[in-house]
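Asks: I'll drop the sequence and a predicted model, then ask my questions.
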Amino acid sequence: RQLSRVLLAEAAAGEPYGIYPRLDATFLFYTQRFSTAVENEQDLRAFLARDQRVWLLAQRDEFAKLADLPPLHEVARDADLKEGYLLLTNRPR
């Protein structure tokens with residue numbers, strides 16, 4: 001719930017968010033917003049390369065396996081150090 005609250009407080013209307021590597025139904029429920037499909041690393045790279053501010057909810061252990069991504073800024077994280085989630089954006093305010 002905490003990360004969904006942060007997203008709703010920080011993201012402007014119309015700014016897309018994606019969830020990597022798979023959808024998290026709880027996050028979708030609490031944000032009451034649709035997520036952009038980010039089903040694999042190629043989708044993730046294309047999503048992050050958009051010419052607009054985007055948000056990413058990333059499972060920490062899976063995200064750590066990726067290399068050479070565009071610069072991202074951590075906005076928040078949950079308490080689970082291994083399989084928890086990070087909330088990131090490509091453009092901080």
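Replies: Nice, thanks for sending it over. If you're wondering where the values come from, they're calculated on a predicted model, not measured in any experiment.
Asks: Show me what the strand or helix carrying Tyr30 is packed up against.
Replies: According to DSSP states H and E, Tyr30 maps onto helix 25-31. The contact analysis (3 or more CB pairs under 8 Å, 6 or more residues apart in numbering; DSSP states H and E) places helix 25-31 against helix 2-10, strand 17-20. C-beta coordinates here come from the backbone N, C-alpha and C atoms, glycine included.
Asks: What ranges does the chain have for its strands?
Replies: 17-20, 55-59, 73-77, 85-89 (DSSP state E).
Asks: and the third one, how far from the chain's centre?
Replies: Translated: strand 73-77. 9 Å (CA atoms, centre = their mean, to the nearest Å).
Asks: do the same with the last one
Replies: Offset of strand 85-89 from its chain centre (CA atoms, centre = their mean): 5 Å.
Asks: Quick check: mean pLDDT of it?
Replies: Strand 85-89 shows a mean pLDDT of 97.
Asks: Check what contacts that strand and list those residues.
Replies: 3, 6-7, 10, 24, 27, 53-60, 63, 72-78 (CB atoms under 8 Å, 6 or more residues apart in numbering).
Asks: and the residue positioned nearest the centre of the chain, what are its bridge partners?
Replies: In the chain, the residue lying closest to the centroid (CA atoms, centre = their mean) is Leu56, at 1.4 Å. With DSSP bridges as the criterion, Leu56 is bridged to Gly18, Leu88.
Asks: residues contacting it?
Replies: So Leu56 contacts 17-20, 38, 44, 47-48, 72, 86-90 (CB under 8 Å, 6+ apart).
Asks: Same check on Arg93?
Replies: Contacts of Arg93 by CB under 8 Å, 6+ apart are Glu10.
Asks: Could you measure from it over to Phe29?
Replies: 26 Å (CB to CB, to the nearest Å).
Asks: repeat for Ser4
Replies: For Ser4 relative to Phe29 (CB to CB), the value is 8 Å.
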